[in-house]
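>>> can you look at this prediction? I've put the sequence above it.
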Amino acid sequence: MGAAAFAVAIAVGQPVLAQETPASAADCTDANNDGVCDSAESASQASAIVVTGSRIRRDEFTAAEPITVVTSEEITQAGFNSATDALQSASVTQGAGQINNFYGGFVTDGGTGANTLGLRGLGPSRTLILLNGRRLAPGGTRGSVLAADLNVLPTAIVDRIEVLKAGASSIYGSDAVAGVVNIITDDKLRGLNIDAQVNVPEVGAGVDRRIAASFGLQADRLSIIGSIEYRKRDQLSLRDVSWLKCPVGGYLTGEGTAFGSGDGVGFDGSPCFTLDNGGVTINTLGIPTRQGIGRTSGAVGNFNRFVPAPGQTTGPFPGYLGVGFYDRDTFDPESQREPLITQAEILTGYLSGKYELGFLGNAEVYGELLATRRKSASPLYRQLSLDYVQGSPLLPVDLRNGAFLNPNSTSGGKIVAARGFIGFGLTDSSQQVDYVRASGGIRGDFFLPGWRYDAYAGKSWNDGTYEIQSFLTDRLAASLDVVANGDGTFSCASAAINPNCVAAPALSADVIGGKLPQDFKDWILVNTIGKTQFRETTFSFNIDGPVAALPGGDAQLALGVEYRRQSINDQPDANSVNGNLLGLTAATPTVGKDNVKEIYGELFLPILSDVPGFYRLNLTGSLRYTDYASYGSDTTYKIAAEWEPIRGVGFRGSYGTSYRAPALAEQFLGATSGFLSSTLDPCDDPGTSPTGQIIAANCLSIGLGPSFTQTSGITTFRVGGADAGLKAETSKNWSVGVVLRPVLPESVGQLSLSLDYFDVKVSNGVADLSASTILNRCYSDPNFDGTSGFCRFVNRDANNALQVTSSYVNLSEDIVKGFEFNGRYARDLFGGRFTLNANITKYTEQSSRLFPEEFLTDSNGTVVNPDWVGSFDATYRINNITFRYGVDWIDGDHDKTYKYFAYDETTGISDPDLVQLYRDNYYLEASNYFLHSASVQFNIAEKYQFTMGVQNLFDKKPPQISAVGYTTIGNAPLYSGYDYRGRTFFANASFQF
């Protein structure tokens, strides 16, 4: 029996189908199920196999760590329209949240539209993406380009995807901390293949279509493989799905009470789209507190927010009605035209070739070219605040002398007398990313018998353009600084030097209601454009071959050197650099470069085979010396072992270290300044919730009582980690496992089982702190100290104005532990072949801490951090028809999230009383989440293939929680493990010529 007993064949179900065999069936035939290529087949192979996670060529399969393999056929049967979608599915990501197409309205690394992959919950910057064994450079837009964008992958030509879920820094370099994903193209394709697929959500919007052509040519010593494909995904808007029709706060009036029973309701009695969740203040006038008739009470009271009411001709403030938190206008139907799933248009071309020279050691020259263009868009809904200053002729006389807000960026140093909260509507936001990777090299026989060499050079270009319509602060300020013309019209006071300036409209009910003059809208709203360049150049030279004969076979050695250079140059629009974007962050250029020199070696030792107690015993060791220009040098290593005491029973284990210098974006991110709304000051109306009570007590301790109102916006500063003393991070990664593959009679079938334990610990891990996170963690800390912990990044001046400084920082620790189980059973049944697969991950810890003095905070088992994740599928193939049924499972939570939010990292305890307060006020639970899929595939004359099926067969909706603690879409947590589209039908057709 071969060493493949350590690499159990697994085919996981929806969404991905994995085989824990590190090569495709096309590479090996194992008719007798002994885990070794049959001798006849092996003899016909021109070269040995290189398994992902190793640089050693071997003539049989061995793997000391679990490797998931996703084949192109499995991607099609599961209904995925791209390799990207398959890779971001739960059975590969094992429940870890990913940046995908649901993040259109959020600031993400790589910019809007980018899709990334992070294994073991450790993030995409710690997961290495390879294409045919060579690293894929980061891609995307803006200054935070950190990781490879999966959108560049050439789905049409993919043969399989190998996923190593273990650290491999000593093999591939520093960013392989959590694991390695290797996309392998089909080099055996001959002739022409046409492939087309369409995915249609049942709601009728968000249709995703792809068409591709791939070809292969073989002429004597020349081989050429290529593909071109076009994909277009339509936008799926918020208004297109039923479960988003009515977002609510979801607050309780006691544990077990109805969801939303503690919510306030709007003036019309509806609980939907209030400021608790989904709403934004519009159609409202803000002025100093004065008397008015209440909108809902009908009684005279004191208000500082009013809505136009032309029919209200009596009372202290004719023409207006006073409103509070819940009875102001907060819903604009236009806001629901924002995307739930962003639109995208992607054109991808791939070409590879190789030519046998016949000299230089029977050398082969090879080359590869990948080119993609992605166009994506994500329109954003904007609210516009018009700040009319004291004395402005644009205000009615009785409002001109009020003092509503302190001076701000649009008031020209003057006190703001009145603010119009206006629903402006949708603004455009789009991206275009051109990505090219060109590479090539020469490989052949080295001087020593059985040795091979490989010299490689590659270069990647990423050129992105990002455009967004933005309000310009200086134009808005000039528009609001006016003089009366004497005829009822107004002109900008700066008209002499600013002749194109358009005066703001005088305050009126129409203006507050969003009816703005078109020339004014055109003047203040400008399309701003930024450009991003990322370059990566790689040179490497490797040799490998046998060094000695051992009882188990030939010892193999691989040696190599690599040089890699990266540079980033992100140039935001000049208005962004100058801080001239109203309500959006300002950003300065991100410019930096780094290079690394590495020397590495790997030794494979087949110690014993076919002796009592040691049917097979293999050892592998690797060592890598890394020298960064920015962060110096370090040495990483890894050791692994495979022991099969008897045929069909194997044990495996590994231990490795890593050293990761911060990525360019983490080091050099341009200083970014911005503003948060004054209402985000935690001391401004903290509320009466459990968290609000803690915040109120903390604010009172610094002299800010219940009557405090923040009148200034919150200034934020974000800087690259190089300016904040960012250090390189290190990690340790070890795993142990057992594999069972008993030899059974064919009448019983074939069974493969494996169970692995993994343990990853990152020290000095690089993480990004947002300003809002800092504020919330600072003021909600039960052991509040205004000068330590998160509060060390917060400054409150003598006027109580807030400044928050955030940057990339080094986490004290980041730990992930758990078990991974894989099982596969196959047998002939009723004239066909039945296969059942299972992939289950049980996390035992997902913890981190930011400061050394803190206790570890474990999020394991909470909402969006499940402790159990499973994928299952069953296939039955009879003649030329294959039926498939798949199930994805994400474990729910009814307890841990409450304890997580009540946990005090300074004491390491979750206060039981605080836990109960959370239970009494919030619903932070999720039931087990199951996604079912089904498909049928027809193969006709080995040239035509048709596949049709359904994803999310039972139209499962994402769970609903209270709108607190998590970013939510409606009442659903924003999490890539949930399906937001609903039931989706798909069809694929493939033709070979």
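Cool, got the structure.
>>> beta partners of residue 909?
residue 904 (DSSP bridges).
>>> ok, residue 200 next?
Applying DSSP bridges, one finds that residue 200 bridges with residue 985.
>>> strands along the stretch 501-650 of the chain, start to end?
For the stretch 501-650 of the chain, applying DSSP state E, counting those that start in this stretch gives strands covering 525-550, 553-571, 590-611, 614-628, 632-646, 649-660.
>>> identify each buried residue in the helix or strand containing residue 464, please.
Per DSSP states H and E, residue 464 falls inside strand 452-471. Residues of strand 452-471 classed as buried under the neighbour-count rule (16 or more other C-beta atoms under 10 Å) are 452-454, 456, 458, 460-464, 466-471. Glycine gets a C-beta too; all of them are placed from N, C-alpha and C.
>>> ditto for stretch 616-628
In stretch 616-628, counting by 16+ other C-beta under 10 Å, buried: 616, 617, 618, 619, 620, 621, 622, 624, 625, 626, 628.
>>> same question, stretch 578-597
579-590, 592, 594, 596.
>>> and the furthest pair within the residues you listed?
Spatial extent of those (C-beta to C-beta) is set by the pair 582 and 596 at 41.2 Å.
>>> picking that back up, nearest to residue 433, of the buried residues of strand 452-471?
Of those, the one sitting nearest to residue 433 (C-beta to C-beta) turns out to be residue 464, at 4.4 Å.
>>> distance of the closest one from residue 435?
9 Å (C-beta to C-beta, to the nearest Å).
>>> which residues are in contact with each of the two?
The overlap between the contact sets of residue 464 and residue 435 (C-beta atoms under 8 Å, 6 or more residues apart in numbering) consists of residue 139.
>>> residue 914 sits in which helix or strand?
helix 912-921.
>>> for the helix or strand following that helix, buried residues please.
The first helix or strand that comes after helix 912-921 along the chain, using DSSP H and E, is strand 929-940. The neighbour-count check on strand 929-940 (16+ other C-beta under 10 Å) flags 929, 931, 932, 933, 934, 935, 937, 939 as buried.
>>> need the contact list for residue 854.
789, 812, 905, 906.
>>> where in the chain is pLDDT low?
Within the chain, the ranges that satisfy pLDDT under 70 run 1-49, 58-63, 105, 585-586, 671-675, 677, 689, 719-720, 722-724.
>>> how about a cut-off of 50?
The chain contains residues with pLDDT under 50 at 1-47.
>>> the lengthiest strand in it pairs with which strands, and in what direction?
Longest strand of the chain, by residue count under DSSP state E: strand 802-829. Each strand paired with strand 802-829, and its direction, by DSSP bridges: strand 714-719 (parallel), strand 750-768 (antiparallel), strand 794-796 (antiparallel), strand 832-849 (antiparallel).
>>> for residue 343, which of these is the nearest?
The minimum distance between residue 343 and the strands paired with strand 802-829 falls on strand 750-768, with 27.2 Å, by C-beta to C-beta.
>>> before we move on, the earlier item: got the strands paired with strand 802-829 as CSV, with mean neighbour count and distance to residue 898 columns?
Formatted as CSV, the strands paired with strand 802-829 follow (neighbours: other C-beta atoms under 10 Å; distance: least, C-beta to C-beta, whole Å):
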stretch, mean neighbour count, distance to residue 898
strand 714-719, 20, 29
strand 750-768, 21, 25
strand 794-796, 17, 27
strand 832-849, 20, 17
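>>> would TSV of those with distance to residue 378 be doable?
Below are those laid out as TSV (distance: least, C-beta to C-beta, whole Å):
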stretch	distance to residue 378
strand 714-719	21
strand 750-768	21
strand 794-796	31
strand 832-849	30
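>>> among these, which comes closest to residue 155?
strand 832-849 (22.1 Å).
>>> number of nearby residues for residue 533?
15 (other C-beta atoms under 10 Å).
>>> kindly calculate the angle that the helix ranked longest in the chain makes with helix 912-921.
In the chain, assigned by DSSP state H, the helix with the most residues is helix 690-701. With axes from the mean of the first three to the mean of the last three C-alpha atoms, to 10 degrees applied, the angle from helix 690-701 to helix 912-921 works out at 120 degrees.
>>> if you count neighbours, what's buried in helix 690-701?
So, applying 16+ other C-beta under 10 Å, buried residues of helix 690-701: 690, 691, 692, 694, 695, 696, 698, 699.
>>> for residue 393, see how far away the spatially most distant residue from the centre of the chain is.
Most distant residue from the mean C-alpha position of the chain: residue 486, 56.7 Å away (C-alpha atoms, centre = their mean). According to C-beta to C-beta, residue 486 and residue 393 sit 11 Å apart.
>>> helix or strand for residue 171, just tell me which one.
helix 169-172.
>>> just the buried positions in that helix, please.
169, 170, 171, 172.
>>> for stretch 299-317, same thing?
303, 304, 305, 306, 307, 308, 309, 312, 315, 317.
>>> closest to residue 114 out of the residues you listed?
Nearest to residue 114 among these, with distances taken as C-beta to C-beta, is residue 305, at 39.0 Å.
>>> ok, and the closest non-adjacent residue to that closest one?
Nearest residue to residue 305 in three dimensions, chain neighbours excluded: residue 323, at 5.0 Å (C-beta to C-beta, 6 or more residues apart in numbering).
>>> what's the distance between the one you found and residue 266?
10 Å.
>>> on that earlier part again, including secondary structure and distance to residue 922, could the buried residues of stretch 299-317 go into TSV?
Below are these laid out as TSV (DSSP: H, G, I helix; E, B strand; the rest coil; distance: C-beta to C-beta, whole Å):
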residue	secondary structure	distance to residue 922
303	strand	29
304	strand	29
305	strand	27
306	strand	32
307	strand	30
308	strand	35
309	coil	35
312	coil	38
315	coil	39
317	coil	37
